[in-house]
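1. can you look at this prediction? I've put the sequence above it.
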Amino acid sequence: MAQIETGGGGGHGKHDKKRAKKLSTRIDMTPMVDLAFLLLTFFVLTSTFSKPKVLRMIFPEKNKDVPLKDLPKVKDGLTLILNGSDKIYYYSGSTDKATALEATDFSKEGLRTILKERNKWLINQIEKVQIESDKGPRNDTAFERKIKTKLEKAQAESKFVVLVKHTSDATYKNMIDVVDEFLITQVGKYFVVDEPLGKKEQMLLDKKLKE
Amino acid sequence: MPKVKMPRSAPSLDMTPLVDLAFLLVTFFILTSSFRQPEPVTVDPPTSTTIEQIPKQVFLITIDKDGRTFVDITNPAIKGKVFFDMCEKYNIKITKQDSLKFVGTASIGLKMSGIMDYLEKEPADRAGYPMTGIPYDTADTKKGQLYWWAYYARIAAKNDFEDRKAEAEKRKLEFDMTSALKFSVKADSRTKYDVVQSVIQVFRDVKIKNFEMITGLEDKPAN
């Protein structure tokens, strides 16, 4: 260990008078090291590296002038119903024509597979644009803009729409999980419905739950 | 064979590189860490695969699993201004000291009438203070206090943003457009979605449409 050497302790003879004292330049660093490591340990243990992430959601303004039933009906869509369980109930097309609900779950083989299958067209378009983008020149703003417009165009042309409805038992986690699946499967057009389930939907759900 | 003589003096070890390294790391951790304010409730948000970072300046709406709502603003100037406006609206006399005290607190979930009592407590005693959540009204949002928190925050944030932008233009400095106050929701996984929806409804009535939902990190699927 580093130590203080108290050089030239004894012997203050006549001859020592003029000679400069030879002091050691070594200092005991142990307490300083102790302190440094104490602080280091403290900061290592208290710091968190993973800052929370955010999921952006946009809730459009409510259009109070148009009554609900006058809004255009979604024909080519998928309606998901969340009820707080680990299952998702869904049907395709319009509510009037739906006869029964189907059940799936939040797993990779569940909702994600369904969404991927239904959203195939857009996924393929995006892949095509991606390949084109990889081939194209780097750091070319005009080219990048062209790619961006193509992506936006593909998203706008996509006909696949998903509506998310929920019962009063649905949790926040259910909703975030579903929206996250939309992000993974590139579903651009999804709507979170504020209104409670319609009469027919409630009936279908009750029927399905009894099975 | 002659005996190998061991040196008598204590073995000395040069610790300088070790100390250098230790202090380098200490400095790194001091500079990178930021201390979190103690929160009145523990909220365990759900996870998602997004990699988007939390914005620098947020109006944080915390909703715990029982549906209580708390607000916090990370920008001290805006927080002070909003508190001042809220007190004026609900006829509460405040001093500059109270305002400073409020800015120093973490998320708050109290009625305006209960805030002064809370602020008079010593910071150490505030931890166990029973918070009831900020009241809101879904039928007539303007009756709830949450509406006015959102309303004044939106105005204060807009003014603050424009002031800073004008200042930057005057000095011909680059202006960070992303520094606007964002509204973010931090809710517990178990919170009922209806509650979250009602709270969001209040903010939508103040014409706030974009929300950043705070989530934990989840691994992105391979394909």
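-> Good, I have the coordinates. Predicted model only: the values in this text are computed from it and were never measured.

2. return the residues in contact with the spatially most central residue of chain A.
-> To find the centre residue of chain A, average its C-alpha atoms and take the closest one (C-alpha atoms, centre = their mean): that gives A:Leu55, at 5.3 Å. With contact taken as C-beta atoms under 8 Å, 6 or more residues apart in numbering or on different chains, A:Leu55 is in contact with A:Ile176, A:Val179, A:Asp180, A:Leu183, B:Ser48, B:Thr50, B:Glu52, B:Glu212, B:Met213, B:Thr215. For every residue, glycine as well, the C-beta is placed using N, CA and C.

3. what's the pLDDT at the residue of chain A found nearest chain B?
-> When distances are taken as C-beta to the nearest C-beta, chain A approaches chain B most closely through A:Phe43, which lies 3.2 Å from it. pLDDT, the model's per-residue confidence, is 84 for A:Phe43.

4. ok, the contacts of A:Leu55 vs B:Asp20, which is closest?
-> Taking C-beta to C-beta as the measure, B:Asp20 lies nearest B:Glu52 of the contacts of A:Leu55, at 37.3 Å.

5. A:Gln155 and A:Gly188 touch, don't they?
-> Yes: counting by C-beta atoms under 8 Å, A:Gln155 sits close enough to A:Gly188 to count as a contact (4.4 Å).

6. how about the strands of chain A, start to end?
-> With DSSP state E as the criterion, chain A has strands at A:53-58, A:77-82, A:87-92, A:102-105, A:161-166, A:190-192.

7. that should have said chain B, apologies.
-> Ranges of strands in chain B, per DSSP E, are B:47-48, B:58-63, B:69-73, B:182-187, B:210-217.

8. which ones are touching the residue of chain A closest to chain B?
-> For A:Phe43, the contacting residues are B:Val26, B:Phe29, B:Ile30, B:Ser33, taking C-beta under 8 Å, 6+ apart as the criterion.

9. only whichever of the residues you listed are buried, select them in PyMOL.
-> Here the buried members of these are turned into a PyMOL selection, burial being counted by 16 or more other C-beta atoms under 10 Å in any protein chain shown:
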select buried, chain B and resi 26+29
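
10. tell me the bridge partners for the residue nearest to A:Leu163 when sequence neighbours are not counted.
-> Spatial nearest neighbour of A:Leu163, chain neighbours left out: A:Thr79 (4.6 Å); criterion: C-beta to C-beta, 6 or more residues apart in numbering or on different chains. With DSSP bridges as the criterion, the beta-bridge partners of A:Thr79 are A:Tyr91, A:Leu163.

11. domain ranges for chain A?
-> Following automatic domain parsing, chain A resolves into domains at A:22-46, A:75-210.

12. return the distance of the shortest one from the chain's centre.
-> In terms of C-alpha atoms, centre = their mean, to the nearest Å, the centre of domain A:22-46 is set 41 Å apart from its chain centre.

13. likewise the longest one?
-> When distances are taken as C-alpha atoms, centre = their mean, domain A:75-210 is centred 16 Å away from the chain's centroid.

14. just to revisit the earlier point, could you export the strands of chain B to JSON lines, including columns for mean pLDDT and mean neighbour count?
-> Putting the strands of chain B into JSON lines (pLDDT from 0 to 100; neighbours: other C-beta atoms under 10 Å in any protein chain shown) gives the following:
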{"stretch": "strand B:47-48", "mean pLDDT": "85", "mean neighbour count": "21"}
{"stretch": "strand B:58-63", "mean pLDDT": "89", "mean neighbour count": "24"}
{"stretch": "strand B:69-73", "mean pLDDT": "89", "mean neighbour count": "23"}
{"stretch": "strand B:182-187", "mean pLDDT": "89", "mean neighbour count": "24"}
{"stretch": "strand B:210-217", "mean pLDDT": "85", "mean neighbour count": "20"}
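
15. could you dump those strands to JSON lines with distance to chain A?
-> What follows is the strands of chain B, written out as JSON lines (distance: least, C-beta to the nearest C-beta, whole Å):
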{"stretch": "strand B:47-48", "distance to chain A": "4"}
{"stretch": "strand B:58-63", "distance to chain A": "8"}
{"stretch": "strand B:69-73", "distance to chain A": "13"}
{"stretch": "strand B:182-187", "distance to chain A": "5"}
{"stretch": "strand B:210-217", "distance to chain A": "4"}
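
16. quick one: which of those is nearest A:Ala36?
-> Of all the strands of chain B, strand B:210-217 comes closest under C-beta to C-beta, at 31.4 Å.

17. need the contact partners of that closest one.
-> Defining contact as C-beta under 8 Å, 6+ apart, one finds that strand B:210-217 is touched by A:50, A:52-59, A:176, A:179-180, B:45-48, B:50-52, B:54-55, B:58, B:60, B:182-187, B:200, B:203.

18. now stretch A:162-170
-> Outside of stretch A:162-170, the residues that reach it under the criterion C-beta under 8 Å, 6+ apart are A:74, A:77-85, A:115, A:174-175, A:178-179, A:182, A:187, A:189-193, A:195-197, A:201, A:205, B:192-194.

19. higher neighbour count, A:Gln155 and A:Gly188?
-> When neighbours are counted by other C-beta atoms under 10 Å in any protein chain shown, A:Gly188 comes out ahead of the other of A:Gln155 and A:Gly188, with 18 against 15.

20. where does the prediction get shaky in chain A?
-> The model of chain A has pLDDT under 70 over residues A:1-19, A:48-50, A:63-75.

21. helices of that one, start to end?
-> Under the criterion DSSP state H, helices of chain A are mapped to A:30-46, A:113-118, A:120-135, A:141-157, A:172-184, A:199-210.
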